[in-house]
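# Need the 3D shape of this:
(2 chains)
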There are 2 protein chains.
Amino acid sequence: MSLTTREWHFMQRPVGLPGPETFKLVERDLPPLQEGQCLVKNLVLSVDPYMRPRMDAGPSYVPPFELGEALTGSAVGEVVETRSDVPLGSWLVHQAGWREHAVVDAGAARVVDKGRYPSSHYLGVLGGPAFAAYVGLFHIADFRRGDSVFVSGAAGAVGSMVGQFALLAGAKRVVGSAGSSEKVRYLVDELGYDAAFDYKTGPVLEQLRGAFPEGLDVYFDNVGSDHLAAAIDVLNDFGRAAICGTISTYNAVEPHAVPVDAVKVVTKRLRLQGFIAFDHEDLRKDFDSEVGAWLEAGRLMSPETISRGIESVPAAFTGMLTGTNTGKAIVRLAEDQT
Amino acid sequence: MSLTTREWHFMQRPVGLPGPETFKLVERDLPPLQEGQCLVKNLVLSVDPYMRPRMDAGPSYVPPFELGEALTGSAVGEVVETRSDVPLGSWLVHQAGWREHAVVDAGAARVVDKGRYPSSHYLGVLGGPAFAAYVGLFHIADFRRGDSVFVSGAAGAVGSMVGQFALLAGAKRVVGSAGSSEKVRYLVDELGYDAAFDYKTGPVLEQLRGAFPEGLDVYFDNVGSDHLAAAIDVLNDFGRAAICGTISTYNAVEPHAVPVDAVKVVTKRLRLQGFIAFDHEDLRKDFDSEVGAWLEAGRLMSPETISRGIESVPAAFTGMLTGTNTGKAIVRLAEDQT
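Residues are numbered from 1 along each chain as shown, chains lettered A, B, ... in the order given. Next up is the predicted model:
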């Protein structure tokens, strides 16, 4: 069977927010399957903040995207042809996103429970962002029952999970920041945050002090910038900051250092730690069982902002970078057939 | 027995480096001993960086010094009168420094091995600075054999211990920064550092990059400021910074934030942690046995800069703040009689 796919290629390294010149939708033939491979039809694909720094040149924890090549990212695809032990019709989570069909190595993909949840959940509440939230909150920040927690980018894919996890695990108080009054309302009314504030309406430090008159134990940073500096001011003795992402810097053209008061870091014995979830695969089993149980019990919301069709991927991506999404930003290419 | 002592009182909160108006030498009568107390004659006393922030108003991890009261700090005294179970003639490490004689509660003091080492060693290589070095290097920074280590303020009381401990524990490479060419020479020629540089002769970042072409695993920070920012640049993946002190800020009148690149903290999974040694008394036994054994075996240098006489305390203190000491800054008030 010979098949073509449409896929997004990376044409030019962006300066600032990526524009139309960054991307090109290309139609191409797929190679024939080798032993151990599947052909998948992508149902949903993920656009994530970390993709933006991959568009810059230079070394990071993942290699930069190559110019002229197809972009990649997480997706859930249905197996439509197989030369592997993965049966036809299975759902696979794999990394060949930004395209409609893909040939994937079955060994590098993960079979998930077809039809138990919408396929999009495997990119959100059961996927990378939720796993990052879990690793950062429970492992890096060493959350303990009774802690007060602040989450920046709280309405995003990771942030919306952090707050819910903290509440389910017995936080004393959970407050989030977001970039609009709608998101602030969403955090409190839908996700159950104790409070939230719009960081665009006033200095973060003042709003954070007001939100935590008794101080803060854990800060989960998705933003970088003045949020981290403010958190260091408000953290209690032995406070911990898990630094997951720095979305405020990803499109920045100017340098973007965070002014850290090292005196406070010492006198309050603070711990600031950056992390990347994929270093912590040893926690995957705990994640699956704990988060799976919360989801099963209906105790976990799974907010998603869904665009439709391969043409919408670049706009979904840049929209996510500027904060138009609430929860996980997802592009749906085909309906789930279960 | 009625006795007077001379002691240094704290007269005025300094702005910047403390001047003569900060201190006043006062003669006063000592109260009679209560049950459980000793009268000690101080042999040596300690001047330490942390005393400077205690001269500022406002909360910190230790309360500020009170105006009009005697200053305090570590000292080793010989018991010259006792109403406790500590025998006459014993050596006690206690907190009633900045004075010639003191009445101390035996329960709040620690008896040390009289005459085994010079009394000054109980303020240096066997005292607070070495314990801070031990806690920070082995516990906070989680030093492992084969790590490359950078120490700022490397010729100071804490720094001179950190480098030696790291070398004894199997560091791959140990480099220190200091504030003069004499200290740089001392670090390499006497303490055995692999290299050292004078931070006053050029940008720290450039010198640090030159010193660690293969990157850095552990940074022990005694300084704050541009040293920490530079270390974040040069640290390898999973690098750790133990932040022990920020002496560059203690006399600062202007704000003194460190510009931290949060992107590097995430992508390199760095951990930055402030600490205060007295939170870690559970490590005291390990410290005593390991460091005691190194000292006993003659493998540990114990650099000290010694001033003499109660009149010299303020100058020893401000000299230490500006870096005139190498190793532990100590004031000797009386000779050891053993």
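
# going forward, measure contacts between C-alpha atoms and count neighbours the same way
Fine.

# doesn't residue A:80 fall inside a strand?
Yes. The assignment for residue A:80 is a strand, going by DSSP: H, G, I helix; E, B strand; the rest coil.

# correct me, but it touches residue A:42?
No. Residue A:80 lies out of contact with residue A:42 (CA atoms under 8 Å); the separation is 9.9 Å.

# Count the residues that sit near residue A:213.
Counted with other CA atoms under 10 Å in any protein chain shown, the neighbours of residue A:213 add up to 9.

# In three-state terms, label it for me.
Under the three-state scheme (three-state DSSP), residue A:213 adopts coil.

# Can you report phi and psi for it?
Backbone torsions of residue A:213, given as degrees, to the nearest 10, read phi -60, psi -20.

# That one: what's it in contact with?
For residue A:213, no contacting residues are found, by CA atoms under 8 Å, 6 or more residues apart in numbering or on different chains.

# So between residue A:80 and residue A:42, which is more surrounded?
Per other CA under 10 Å, whichever of residue A:80 and residue A:42 has more neighbours is residue A:42, with 29 against 16.

# so that one sits in a helix?
No. Assessed with three-state DSSP, residue A:42 is strand; it does not lie in a helix.

# which residue packs closest to it, ignoring adjacent ones?
Of all residues not flanking residue A:42 in the chain, residue A:77 sits nearest, at 3.9 Å (CA to CA, 6 or more residues apart in numbering or on different chains).

# For burial, what's the neighbour tally of that neighbour?
Applying other CA under 10 Å, I find that residue A:77 has 31 neighbouring residues.

# quick one: it and residue A:89 touch, right?
No. The criterion here is CA under 8 Å, and residue A:77 misses it with residue A:89 at 9.3 Å.

# Assumed residue A:209 was part of a helix.
Yes. According to three-state DSSP, residue A:209 belongs to a helix.

# Next up, the contacts around the closest residue to it other than its chain neighbours.
Counting by CA to CA, 6+ apart, residue A:234 is the residue found nearest to residue A:209 once chain neighbours are left out, at 6.3 Å. Going by CA under 8 Å, 6+ apart, residue A:234 touches A:208, A:209, A:212, A:215, A:216.

# so the first one touches residue A:228, yeah?
In this case it means residue A:208. No. Residue A:208 is beyond contact range of residue A:228, at 10.8 Å (criterion: CA under 8 Å).

# residue contacts, residue A:34?
By CA under 8 Å, 6+ apart, residue A:34 lies in contact with residue A:83.

# will you turn the contacts of residue A:234 into CSV that also has neighbour count?
CSV is the format used below for those (neighbours: other CA atoms under 10 Å in any protein chain shown):
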residue, neighbour count
A:208, 24
A:209, 17
A:212, 19
A:215, 20
A:216, 28
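
# Any idea which helix or strand in chain A has the lowest mean pLDDT?
Ranking every helix and strand in chain A by mean pLDDT, DSSP states H and E puts helix A:247-250 at the bottom, with a mean of 80.

# So what touches that helix?
Contacts to helix A:247-250, defined as CA under 8 Å, 6+ apart, come from residues A:16, A:49, A:52, A:53, A:222, A:223, A:224, A:225, A:256, A:321, B:263.

# at 6 Å what do you get?
Here helix A:247-250 makes contact (CA atoms under 6 Å, 6 or more residues apart in numbering or on different chains) with A:53, A:223.

# And residue A:61, what's its pLDDT?
At residue A:61, the model reports a pLDDT of 76.

# where does it land in three-state SS?
What three-state DSSP gives for residue A:61 is coil.

# Check residue A:167 too.
Here residue A:167 is recorded as helix under three-state DSSP.

# burial of it, as a residue count?
If you count neighbours by other CA under 10 Å, residue A:167 ends up with 22.
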